[in-house]
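Visitor: One predicted model, sequence on top.
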Amino acid sequence: LGLPQTTSVRFGVASNYLRTWVTTSFFQDDWRAGAHWTVNYGVRYEYYLPLSEKYGHLSDLSFAPGFTSPAVVTGRNPGTLPPSLIHSDAHNFSPRVGIAYRPWIQHHLVVRSGYGIFYDGSIYSRMVANMLDQPPFATASTLTTNPEQPLTLENGFPALSSNTIHNTYAADSNFRRPYAQTWNFSMEDELFRNVILSVGYVGTKGSKLDLLLSPDRLNASASGSQQTSIPNVQQFLYETSGADSVYHGLQVTLRRQFHSGLSISGNYTWGKSIDDAASVGGNGRNVPQDSFDLHAERALSNFDVRDKLIVNDTYEFPFGEQRHFLNRGGVAARIIGNWQISGVTTVQSGMPLTAQVAGNQSNNNGSGAFASERPDATGEPVSLPRSERTTLDFFNTAAFALPASGQLGTAGRNTITGPGTVNFNMSLGRFFTFSREKNLRARFSIDTTNIFNHPNYTGVATTINAQNFGWVTGVGSMRAVTLSLRANF
């Protein structure tokens, strides 16, 4: 209809003065248990104090149990909270251990394994950015259209009750820093001279990950009936910790070390990542479709790539100074000598996409405003055979249907396989030496990206009640050639 879906305004404090303390310490040691074993072990401790503002210009929302009785709390009057409005987390110990084993001293085979815990040290900085410039220190408002109060271009910010809380963000005062446990096992051996093969397994488990919730949905009944909004509060996002993830990956690397002017390496990864962190969406504002059923959000991670192959290669032509041919100078050596060609090839499968239902605060549970409501799954396969796939039918749109009014869709997150990537980049260059005494050198190069001009799709429409559902909506950069000349003196 050409009407606004959401409107947002924010202005107020121009400068803020943030304060924090970070204390870290670690212990680490190497133990060589004979000629075959090497053990590296240690522990790290990190204490990150959540950021506060010098003049108390931080604002958050506090609630009674069950997200009732909302009230604004600030850094000026934090009550029982610290000035940062978030309690610190003082239990961030990170043990780490690595083991290398060489079965035979005269052989190149090496077996390695390791385990470690790593905490997210930047999470407080990202959160405090949302707690700044909030009422009462600034004007902030985010509205979503609804039948009772439709937004228009003429009246994008209709007057609200004087008792309405305008804060657009709230943080859990007991937020805990996310952390990841990672472990690996690999074997490396020299198959032939200068040819090394490495095969490894990598696993990672994320805990207490970032999670965004829709407060409206928190007041809904678990049966999925129409929600009742929290009284006297605008729609806002609530950030807490509670999501988790797991990743398993097989990595194979074959490389030829630089010898006789040639080096080449290929790395293939076969992996899978699963999480329930719906908040890590394309627009950064996704919330669970049903906050009472986080298990339904468990699916492939937004960044999951099942197969990925990267090949790097470099070749120096055998002509010119210190080369096999034409190494005594001459006209021919000046023309074809000292050239080098290199390339990077990337082939990977597509990342997953989620079918969505566009809506507003009045449809189903209100999370449609955050692009989090999903359609029903009809049971048909989502992917189309490659021979049937076109730019107007990238996946099987018949696999989804609009849910009944007042009901949540049954389709899961990230059930659509997105477009993959095939890319070849190459470079041809040469060094010129004008004066060895004065170290005057230059390099001329021709760099080409996507040399074969292969179309890589970058966007697919996944909103079921949009006219372009199932269409390819974007394509990557075409072939580009760059000529450059660099002088060193």
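Guide: Okay, I see it. Numbering: from 1, shown residues only.

Visitor: if I look at L160, how far off is P136?
Guide: Look at L160 and P136: by Cβ to Cβ, to the nearest Å, they are 15 Å apart. Just so you know, the C-beta spots here come from the backbone N, C-alpha and C atoms, and that holds for glycine as well.

Visitor: and if you look at Q235?
Guide: Distance of Q235 to P136, computed by Cβ to Cβ: 19 Å.

Visitor: now do T182
Guide: Distance from T182 to P136, by Cβ to Cβ: 43 Å.

Visitor: quick one: which of the two has more around it?
Guide: Neighbours were counted for T182 and for P136 using other Cβ atoms under 10 Å; T182 has more, 16 against 13.

Visitor: Grab the longest strand from this protein for me.
Guide: Taking DSSP state E as the criterion, the chain has its longest strand at strand 237-259.

Visitor: Send me that strand as CSV with only the CA atoms.
Guide: Only the C-alpha atoms of strand 237-259 are listed here, as CSV (Å, rounded to 0.1, in the frame of the first residue of the first chain):
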residue,chain,number,x,y,z
LEU,A,237,14.0,-5.9,22.2
TYR,A,238,15.2,-7.7,25.3
GLU,A,239,18.8,-9.1,25.3
THR,A,240,19.8,-12.0,27.4
SER,A,241,22.1,-15.0,27.4
GLY,A,242,20.8,-18.5,26.8
ALA,A,243,21.4,-19.7,23.3
ASP,A,244,23.9,-22.4,22.4
SER,A,245,25.6,-23.8,19.3
VAL,A,246,27.6,-26.7,18.1
TYR,A,247,30.0,-27.1,15.2
HIS,A,248,31.7,-30.2,13.7
GLY,A,249,34.1,-29.9,10.8
LEU,A,250,36.5,-32.1,8.8
GLN,A,251,39.4,-30.3,7.3
VAL,A,252,41.8,-31.6,4.7
THR,A,253,44.8,-29.6,3.5
LEU,A,254,47.2,-30.6,0.8
ARG,A,255,50.0,-28.2,0.1
ARG,A,256,53.2,-28.2,-2.0
GLN,A,257,55.7,-25.9,-0.4
PHE,A,258,57.4,-23.4,-2.6
HIS,A,259,60.0,-25.2,-4.7
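
Visitor: Can you list the buried residues in it?
Guide: By 16 or more other Cβ atoms under 10 Å, the buried positions in strand 237-259 come out as 237-247, 249, 251, 253-256.

Visitor: go on, stretch 290-308?
Guide: Buried, per 16+ other Cβ under 10 Å, within stretch 290-308: 290-291, 294, 296-302, 304-306, 308.

Visitor: Just the closest of those to F118, please.
Guide: S301 (17.5 Å; Cβ to Cβ).

Visitor: Could you report the distance from the closest residue in space to that closest one that isn't next to it in sequence to A355?
Guide: Excluding its sequence neighbours, the residue lying closest to S301 (Cβ to Cβ, 6 or more residues apart in numbering) is S273, at 3.9 Å. Distance of S273 to A355, given as Cβ to Cβ: 20 Å.

Visitor: which of these two has more neighbours?
Guide: Using other Cβ under 10 Å as the criterion, S273 and A355 rank with A355 on top: 27 against 19.

Visitor: V202: neighbouring residues, count only.
Guide: Here the count is done by other Cβ under 10 Å, and V202 has 17 residues near it.

Visitor: and if you look at V357?
Guide: V357: 25 neighbours (other Cβ under 10 Å).

Visitor: V311 sits in which helix or strand?
Guide: Here V311, judged by DSSP states H and E, is contained in strand 307-316.

Visitor: which secondary structure elements does the helix or strand just after that strand contact?
Guide: Sequence-wise, the next helix or strand downstream of strand 307-316 (DSSP H and E) is helix 331-336. Contacting helix 331-336 under the criterion 3 or more Cβ pairs under 8 Å, 6 or more residues apart in numbering; DSSP states H and E is no other helix or strand.
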